[in-house]
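Peer 1: The sequence isn't on hand, but the structure is:
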Ligand code: HEC
Ligand code: HEC
């Protein structure tokens with residue numbers, strides 16, 4: 001069913017065959033670490049001004065930054081859940097993100113940790129498919145105004161900040177002027193920029209023996225480095241690894257309508273009959289990009305399960321098994337993927353290496369309690385399931 005309308009242009013299969021033949025001819029055997037940007041520590045970045053970070057942090061937790069005052073950035077990028085979302089209010093596992101009250105999202109909320117580095121690596125753009133803009137300020141503006149996310153008009157954001165003496169003071173302190181939505185966005189960006197990995201064993205050069213063996217596999221036999229390379233462990237490019245569709249997106253009308261809205265708004269042809277998440281095709285409109293997603297970072301994975309754009313893989317062991325089988329099922333699948341025939345011990349070693357890329361203690365902040373003088377316009381909780 002998922003490949004229902006994959007009308008590959010006839011030239012493509014010929015081209016793919018030629019490309020595969022050429023790449024096999026010039027790349028015999030396994031990937032070699034030397035061919036790709038080396039893994040290494042993240043570059044030091046200038047820390048934003050702390051007063052600006054404080055202002056951004058307050059906005060991050062402030063439900064008035066959503067149209068109806070019910071949710072904030074932290075609702076979907078939770079500071080105690082790896083700045084993604086793994087459990088709902090009742091502690092039940094969450095695979096796909098929530099969305100603005102009254103609807104639901106069709107993607108797994110990505111972590112915000114280390115997104116400051118995306119500008120250095122992701123030439124294809126932010127979000128799982130790159131549709132959300134090319135810099136953090138664009139993305140933050142999108143998140144605020146997008147109807148399925150915070151659904152807040154920039155003029156309302158401006159007014160709400162102006163009416164709160166705390167923001168008035170913060171705007172004076174940081175900008176020596178009146179509040180505006182643009183200043184609010186700058187502050188939010190500054191806060192997000194502080195969310196970075198700190199003490200990962202990988203960065204401290206403290207890999208266990210198993211992790212060291214795992215790194216060798218990662219850079220060699222398992223070929224992960226072909227796409228997960230450089231300090232961010234991402235080439236920033238879209239690839240099709242063939243992750244299964246999450247059918248909850250099609251069974252749950254609230255999720256489906258969100259997917260349909262985004263695909264329609266982005267001018268995807270025949271938006272109403274696709275039975276799959278089209279991925280990078282949304283951006284490029286090139287049929288060869290259907291099902292491609294931008295290589296995510298592999299940092300902080302310990303704290304950001306479940307994995308993949310639609311949360312379809314629950315654990316790191318399962319991710320490694322997925323790649324061991326040569327990825328998922330799609331046509332054309334990324335040519336870099338092939339069955340790896342890893343032994344049980346090698347799979348464990350790879351997982352140990354992946355875990356070494358996470359900070360020893362989770363990156364988090366204490367939530368700011370922002371007093372809310374009014375209640376959301378409706379009790380959405382009851383209509384939200
Ligand atoms: C209702 C849930 C929700 C809220 C609220 C929300 N986000 Fe997101 N955010 C998401 C989802 C889902 C994605 C991925 C969208 C996609 O891939 O299509 C995302 C993506 C992002 C990204 C891109 C990350 C990357 O690696 O490319 C950033 C940055 C971000 N959000 C920041 C914010 C900020 C800052 C706020 C508050 C102003 C916010 N988000 C509010 C759900 C939410
Ligand atoms: C062809 C390029 C490519 C290769 C090779 C590759 N990956 Fe990936 N990886 C991706 C892409 C693209 C995604 C996102 C797919 C999606 O969301 O549907 C991903 C996702 C992941 C994730 C999930 C991250 C998250 O935050 O959800 C992990 C973990 C991962 N890869 C590990 C590996 C390991 C380990 C290897 C080697 C065995 C490997 N990858 C090889 C491109 C690649």
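Peer 2: That came through fine. Predicted model only: the values in this text are computed from it and were never measured. Residues are numbered from 1 along each chain as shown. Ligands and ions are numbered 1, 2, ... in the order given.
Peer 1: Tell me where the stretch 201-350 of the chain has strands.
Peer 2: Assigned by DSSP state E, counting those that start in this stretch, the strands in the stretch 201-350 of the chain fall at 238-239, 293-294.
Peer 1: of all the ones you listed, which lies closest to residue 178?
Peer 2: Residue 178 lies closest to strand 293-294 among these, at 37.8 Å (Cβ to Cβ). Every C-beta, even on glycine, is put in place using the N, C-alpha and C of the backbone.
Peer 1: Would you list the strands that that closest one pairs with, along with their directions?
Peer 2: In the sheet containing strand 293-294, the strands it pairs with under DSSP bridges are strand 238-239 (antiparallel).
Peer 1: Could you measure from the residue of the stretch 151-300 of the chain found nearest ligand 1 over to residue 62?
Peer 2: Closest to ligand 1 within the stretch 151-300 of the chain is residue 188: 5.1 Å, counting by Cβ to the nearest ligand atom. Using Cβ to Cβ, to the nearest Å, residue 188 is found at 10 Å from residue 62.
Peer 1: These two: which is more packed in?
Peer 2: residue 188 (27 against 24; other Cβ atoms under 10 Å).
Peer 1: Verify the contact between the more buried one and residue 59 for me.
Peer 2: Yes: contact criterion Cβ atoms under 8 Å: residue 188 and residue 59 qualify, at 5.3 Å.
Peer 1: okay, and the common contacts of these two?
Peer 2: Counting by Cβ atoms under 8 Å, 6 or more residues apart in numbering, the residues touching both residue 188 and residue 59 are residue 73.
Peer 1: For the residue nearest to residue 80 when sequence neighbours are not counted, give me phi and psi.
Peer 2: Distance criterion Cβ to Cβ, 6 or more residues apart in numbering; nearest residue to residue 80, sequence neighbours excluded, is residue 364 at 6.1 Å. According to degrees, to the nearest 10, the main-chain angles of residue 364 amount to phi -150, psi 170.
Peer 1: neighbours of residue 364, just the number please.
Peer 2: A count of nearby residues for residue 364, using other Cβ under 10 Å, gives 16.
Peer 1: Pull up the gap between the most centrally placed residue in the chain and residue 83, please.
Peer 2: Central residue of the chain (Cα atoms, centre = their mean): residue 110, 3.0 Å from the mean position. Distance of residue 110 to residue 83, given as Cβ to Cβ: 9 Å.
Peer 1: With residue 249 instead?
Peer 2: Distance, residue 249 to residue 83, using Cβ to Cβ: 23 Å.
Peer 1: Residue numbers of the stretch 51-200 of the chain in contact with ligand 2?
Peer 2: Contact residues, the stretch 51-200 of the chain versus ligand 2 (Cβ under 6 Å from any ligand atom): residue 128.
Peer 1: Which part of the stretch 51-200 of the chain gets nearest to ligand 2, residue-wise?
Peer 2: Nearest to ligand 2 in the stretch 51-200 of the chain, going by Cβ to the nearest ligand atom, is residue 128, at a distance of 5.8 Å.
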